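Peer 1: sequence plus the predicted model coming up.
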Protein chains: 2
Amino acid sequence: METKQLIMLPGPTNIPTRVANAMLRPIINHRGPEFRELHSRIIDNAKYVFGTKNDLFVLTASGTGGVECAVRNISSPGAKIIVAVNGVFSQRFYESVNLLGGKGIEVPVEWGNAATVAQIEEVLKKNSPVTAVAIIYNETSTGVTTPHLKEIGELCRKHGALFLVDAISIQGGVPLPVDEWGVDVCITGSQKCLMTPPGLALISVSPKGWEVIKKAPRSYYFDLQLCKQFWDEKKETPYTPAVTLFYALDEALQMIREEGLEARFKRHAICADAMYAAVEAMGLELYARKEVRSNTVLAIKYPSGIDDKNFRGALNKKYRVVVAGGMGKTHGQLFRIGVMGSVSQFEILATATAIESVLTEQGHKLKPGEGVTAAREVFAKPS
Amino acid sequence: METKQLIMLPGPTNIPTRVANAMLRPIINHRGPEFRELHSRIIDNAKYVFGTKNDLFVLTASGTGGVECAVRNISSPGAKIIVAVNGVFSQRFYESVNLLGGKGIEVPVEWGNAATVAQIEEVLKKNSPVTAVAIIYNETSTGVTTPHLKEIGELCRKHGALFLVDAISIQGGVPLPVDEWGVDVCITGSQKCLMTPPGLALISVSPKGWEVIKKAPRSYYFDLQLCKQFWDEKKETPYTPAVTLFYALDEALQMIREEGLEARFKRHAICADAMYAAVEAMGLELYARKEVRSNTVLAIKYPSGIDDKNFRGALNKKYRVVVAGGMGKTHGQLFRIGVMGSVSQFEILATATAIESVLTEQGHKLKPGEGVTAAREVFAKPS
């Protein structure tokens, strides 16, 4: 029998039926009134999720396209962009800056940890003037969420630098009120906490961001000034948008509004707490330090004797639960669970049970049921 | 009552039910065996459509992203790229070359016409050495298909230039055997003759193409060398692919194989002939010269007294048929019909009837039924 897989990856995530079905709506003219209405509703609801009155655009590209868009558009030749590097994705971001016309300045951070406000201030002072500070809010490779973004935003304003936040694997799952925290450019992807299939990137731009963008060389496919012109004049996109993915995003954003952001953040937090409780009760260690551990991506170290390929293979084949492995230098050392989008008690308990079963089968000593029980207790707590 | 629209745009096109339903397949891990199998089948079938043994990649981006990818990857600083300019999209292509690191050399062509082999040879000789010659095989804004690509390919080989073909609105609808015609880089989009929703671009690269690419600066989101590395090593894409659109493309390519390319080309040709016969019988003139008129995009001049906005508005509102207007300097002067993908006698006759009705209602003199009759006769001819 074909059994459905439970996708517990750090993106893409499981797609709610409502969102999947939305893709069956017939194709429309992306230069006609039906599209303009769809597009306007998406932008309106995405601004609600971002907590912003800034401009916001949906790009037909994956999250990395969103990163290229952000970096290219703010980078005049040699523009200094500070990047806190604490994992694979922040390292990639740092490298992209040099490739895309700017000059990357690294704030090196131990993997599993996050940059502090003091570290960033030091680098800012040393390299003044700086065009932007880029924080990868959620480092997907290590399961770390950088705290104190509001303070980093204030620091940026003080030093006349833009505050750029890569929120690809977190926006919509954890609070990131863009305007309140002074984020000038914020990027996310459709396939993470927004529970939409992959293929779209969302990016917001503040008035201060536009000042910098207007002085930088124009991009082509990722030209934000052209995006703004098409939006302002016609509520259209410069090039053909991925209409069926727009349908899916539209439906997902409506579901987010129905649930409400506060309830959504709480659900993610409880699901993450339960999953953390489960793996800790199984005697597993986290890769991220406790004070910076993420509510949307959990990175868990393998206990000795458990092999990455065998573990994830059995988890998928026998129990139909799909999790991710380590990336870069953590390859083989850890596995990662996405707690994103439509995640609920059902997915967490099913995942905990499956992990417990495979670990037991593969020789890790644990008290049967203890992991799942720990998770269940978190859900049972009065909120 | 809500009535379905008949999308007769020059892309996106109507999506067959099989293709739409394929998007409902559950999300899979894009780093797992299920994706590798899907990806391999897509590439295999896309190579059949392209008529190539060259490398071929699917990018998560619209057609313009495919153009940026092609131009960036072959452009060392100042690399000369000849572009035959005969409409909005070839003009854009030409402008993109200068923006993306190369030096564009224009072969100016009257709109509605196509570049000749002799014109290209002259510009090639004058500007030797040239990195590439770029032909927009089907200029979507004017309904012109450039003939003699095979000869242009030979010319390129003779002069040591790459042959780059933008086949976005035509590949899969009209013959373009990439290897036989010596095309080094060929680009198309998912939402045209491949009858898939928008959001994917396909690009093929010949061994000669790789020689040039390896000497050019690396791209980031559109890095072909990274695409090749991920394909060769793992049958994966460097960044998260738009999985649901891959499902749709997979299904569409299988349908194309089932139909067979020859039958498909013939169907497009007959449908285009019938549509041309219909509009000519209605007393309308074509924008493109007859000898270069396109089988996938028809550009038709408005007769005097017919207003673009009123005409297309009534066509859509009263008859639910959606066609496109003119672009750039032809705005308001013509309308364009896409004959693409799953197009059949049904769509052509419905479109002809609707056009005839609106023209009559808006005061254009024609013999009722003559257009539709002319189309019907084309379909009735023994093939």
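Peer 2: Thanks, I have it.

Peer 1: tell me where the stretch 201-350 of chain A has strands.
Peer 2: For the stretch 201-350 of chain A, applying DSSP state E, counting those that start in this stretch gives strands covering A:297-301, A:321-322, A:324-325, A:334-338.

Peer 1: what about those strands, which gets the closest to chain B?
Peer 2: With CB to the nearest CB as the measure, strand A:321-322 is the member of the strands of the stretch 201-350 of chain A nearest chain B (5.2 Å). C-betas here are computed from N, CA, C, even on glycine.

Peer 1: parallel or antiparallel, list what pairs with the closest one.
Peer 2: strand A:6-7 (parallel) (DSSP bridges).

Peer 1: hmm, who's touching the helix or strand following the partner strand?
Peer 2: Counting by DSSP states H and E, the element after strand A:6-7 in chain order, helix or strand, is helix A:17-22. Contacting residues not belonging to helix A:17-22 are listed as A:195-197, A:247-248, A:250-252, A:255, B:23-24 [CB atoms under 8 Å, 6 or more residues apart in numbering or on different chains].

Peer 1: ok, and the most crowded of those?
Peer 2: Counting neighbours by other CB atoms under 10 Å in any protein chain shown, A:Thr196 comes out on top of the contacts of helix A:17-22 with 32 neighbours.

Peer 1: once you drop chain neighbours, what's closest to that residue?
Peer 2: Nearest residue to A:Thr196, sequence neighbours excluded (CB to CB, 6 or more residues apart in numbering or on different chains): A:Ser190, at 3.9 Å.

Peer 1: on that earlier part again, now flag whichever of the contacts of helix A:17-22 is closest to B:Ser219.
Peer 2: Using CB to CB, A:Pro197 is the member of the contacts of helix A:17-22 that lies nearest B:Ser219, at 24.5 Å.

Peer 1: quick check: buried residues in the longest helix along chain A?
Peer 2: The longest helix of chain A (DSSP state H) is helix A:261-281. Buried residues in helix A:261-281, counted by 16 or more other CB atoms under 10 Å in any protein chain shown: A:261, A:264-265, A:267-281.

Peer 1: can you measure across stretch A:138-150, start residue to end residue?
Peer 2: Using CA to CA, to the nearest Å, the end-to-end distance of stretch A:138-150 comes to 15 Å.

Peer 1: that stretch and chain B in contact?
Peer 2: No - counting by CB under 8 Å from any CB of the partner chain, chain B has no neighbours in stretch A:138-150; the shortest distance is 10.8 Å.

Peer 1: most tightly surrounded among the strands of the stretch 201-350 of chain A?
Peer 2: strand A:334-338 (a mean of 26; mean count of other CB atoms under 10 Å in any protein chain shown).

Peer 1: for it, which strands pair with it and how are they oriented?
Peer 2: Here, using DSSP bridges, strand A:334-338 pairs with strand A:297-301 (antiparallel), strand A:324-325 (antiparallel).

Peer 1: still on that earlier bit, surely the residue nearest to A:Thr196 and A:Pro198 touch.
Peer 2: Yes - the criterion here is CB atoms under 8 Å, and A:Ser190 meets it with A:Pro198 at 6.2 Å.

Peer 1: between these two, which has more neighbouring residues?
Peer 2: Set A:Ser190 next to A:Pro198 and count neighbours by other CB under 10 Å: A:Ser190 wins out with 30 against 27.

Peer 1: for the stretch 1-150 of chain A, just list every one of the helices.
Peer 2: Using DSSP state H, counting those that start in this stretch, the helices found in the stretch 1-150 of chain A span residues A:17-22, A:33-50, A:63-74, A:88-99, A:117-127, A:149-158.

Peer 1: what residues go with each domain of chain A?
Peer 2: Per automatic domain parsing, the domain ranges recorded for chain A read A:6-11+A:260-380, A:17-259.

Peer 1: can you list phi and psi of the closest residue in space to A:Val183 that isn't next to it in sequence for me?
Peer 2: Closest residue to A:Val183 in three dimensions, ignoring its sequence neighbours and counting by CB to CB, 6+ apart: A:Val165, at 4.8 Å. A:Val165 adopts backbone torsions of phi -120, psi 120, taken as degrees, to the nearest 10.

Peer 1: between the longest helix of chain A and strand A:334-338, what angle do the directions make?
Peer 2: Per axes from the mean of the first three to the mean of the last three CA atoms, to 10 degrees, the angle that helix A:261-281 makes with strand A:334-338 is 150 degrees.

Peer 1: could you give the mean pLDDT of helix A:261-281?
Peer 2: When pLDDT is averaged over helix A:261-281, the result is 98.

Peer 1: check the offset of it from the chain's centre.
Peer 2: Counting by CA atoms, centre = their mean, to the nearest Å, helix A:261-281 is centred 16 Å from the centre of its parent chain.

Peer 1: and if you look at stretch A:310-330?
Peer 2: Put simply, stretch A:310-330 sits 20 Å off its chain's centre (CA atoms, centre = their mean).

Peer 1: how far does that stretch stretch from start to finish?
Peer 2: Using CA to CA, the span of stretch A:310-330 from its first residue to its last is 16 Å.

Peer 1: show residues contacting it.
Peer 2: A:3-10, A:87-88, A:91, A:111, A:141-142, A:287, A:299, A:302, A:308, A:331-338, A:350-351, A:353-355, A:357-359, A:361-362, B:28-29, B:31-32.

Peer 1: which of the residues you listed are buried? Put it as a ChimeraX command.
Peer 2: Only the buried members of the contacts of stretch A:310-330 enter the following ChimeraX selection, criterion being 16+ other CB under 10 Å:
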select /A:5,6,7,8,9,10,87,88,91,111,141,142,287,299,302,334,335,336,337,338,350,351,353,354,355,357,358,359 /B:28,29,31,32
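
Peer 1: and A:Glu139, how many neighbours?
Peer 2: 33.

Peer 1: pretty sure it contacts A:Phe89?
Peer 2: Yes - if you go by CB under 8 Å, A:Glu139 and A:Phe89 touch, sitting 5.9 Å apart.

Peer 1: any stretches of chain A with poor pLDDT?
Peer 2: Filtered on pLDDT under 70, chain A yields the residue ranges A:1-2.

Peer 1: give me the most central residue, it.
Peer 2: A:Ser169 (1.2 Å; CA atoms, centre = their mean).

Peer 1: and stretch A:63-70, does that touch chain B?
Peer 2: Yes - using CB under 8 Å from any CB, stretch A:63-70 reaches chain B at A:63-65, A:67-68.

Peer 1: now neighbour count too, for those, in JSON lines please.
Peer 2: What follows is the residues of stretch A:63-70 next to chain B, written out as JSON lines (neighbours: other CB atoms under 10 Å in any protein chain shown):
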{"residue": "A:Gly63", "neighbour count": "28"}
{"residue": "A:Thr64", "neighbour count": "22"}
{"residue": "A:Gly65", "neighbour count": "28"}
{"residue": "A:Val67", "neighbour count": "30"}
{"residue": "A:Glu68", "neighbour count": "25"}
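
Peer 1: and the residues you listed, which two are furthest apart?
Peer 2: With CB to CB as the measure, no two of the residues of stretch A:63-70 next to chain B lie farther apart than A:Gly63 and A:Glu68, at 9.9 Å.

Peer 1: isn't A:Gly283 right up against A:Leu366?
Peer 2: Yes - using CB under 8 Å, A:Gly283 makes contact with A:Leu366 at a distance of 5.7 Å.

Peer 1: before we move on, the earlier item: looking at the contacts of helix A:17-22, which is nearest A:Ile74?
Peer 2: A:Thr196 (26.0 Å).
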